[in-house]
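>>> coordinates for the following, if possible.
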Amino acid sequence: MVKTYIVNIRQLEEETAFQAALPSASSYRRQKIASIKNVRDRCRSLGASLALNAALQRYGLCEGSMEYVLGDQGKPMLRDYPELHFSLSHAGDYAICSMGNQEIGNDIERVRPGKLRVADRFFAEAEKEWLYQADLPEEQESRMFRLWTMKESFLKVTGRGMSLPLRDFTVFIEDEGTARLHQMLNDNIYYIKEYVLPDIFQEATGYKISVCCMDPDFAPEPEAVLL
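Numbers count the residues shown, from 1 in each chain. Okay, the predicted model is just below:
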């Protein structure tokens, strides 16, 4: 089963909490954190480590003992556990990790106004048609970020990143929380699962989360990670 774990990085903003959590991170992650100057970004990086650790605990493992290698596209992989695939993302107050037994990609974004021009320039025509079927600007912005996280999660699962033009594949929104992809990059079938924040985090609104994988067996809800 593909599972997703979410950390509220505000738990780490106090220096005592940050320093208490830091030793649990791997040397790879600690070195990465040490290179980051922005305090909030350091918390996001450590939050991603804690989310990954929660995912690994399901297999009796811990992130602090992991060693990494870089894949063909520069994506970190677990050296001794190549069968475990993971993806990390963070935005605003949250960091997430999704893990499964197939290549996986995820994305979290905070809805922000003034971004519709991104869709106008880069989205496929069918996506823009669905987006602008909404009458209210607020709903258009919400739809834009739903599509954006789904498209980003697909870019990450393929390893192509932004080298793959956003118009070269199309996301079709179906039932609430699911979508299908039309893509000609390969013969694989990809599934997308959309999430909302767990109830414990519902004081924060305006976040969109998507996970993309060839495994259709997604956990029904993401899991909150508390320090």
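>>> average pLDDT for stretch 117-137?
Throughout stretch 117-137, pLDDT has a mean value of 93.
>>> for the chain, which segments count as strands?
Secondary structure of the chain (DSSP state E): strands at 3-8, 68-70, 76-78, 85-91, 94-100, 104-110, 169-173, 178-183, 191-195, 207-213, 223-225.
>>> what pairs with the second one, parallel or antiparallel?
I take that to be strand 68-70. strand 76-78 (antiparallel) (DSSP bridges).
>>> just the last one next, same as before
Strand 223-225 has the following strand partners under DSSP bridges: strand 3-8 (parallel).
>>> for this protein, give me the ranges with low pLDDT.
161-163, 176-177, 202-204 (pLDDT under 70).
>>> from the centre of the protein, point out the most distant residue.
Going by C-alpha atoms, centre = their mean, the residue of the chain most distant from its centre is D135, 28.3 Å out.
>>> how much space is there between that residue and K75?
According to C-beta to C-beta, to the nearest Å, D135 and K75 sit 40 Å apart. (C-beta placed from N, C-alpha, C; glycine too.)
>>> find the nearest non-adjacent residue to P198, please.
A224 (4.2 Å; C-beta to C-beta, 6 or more residues apart in numbering).
>>> surely that neighbour meets V196?
No: judged on C-beta atoms under 8 Å, A224 makes no contact with V196 at a distance of 11.9 Å.
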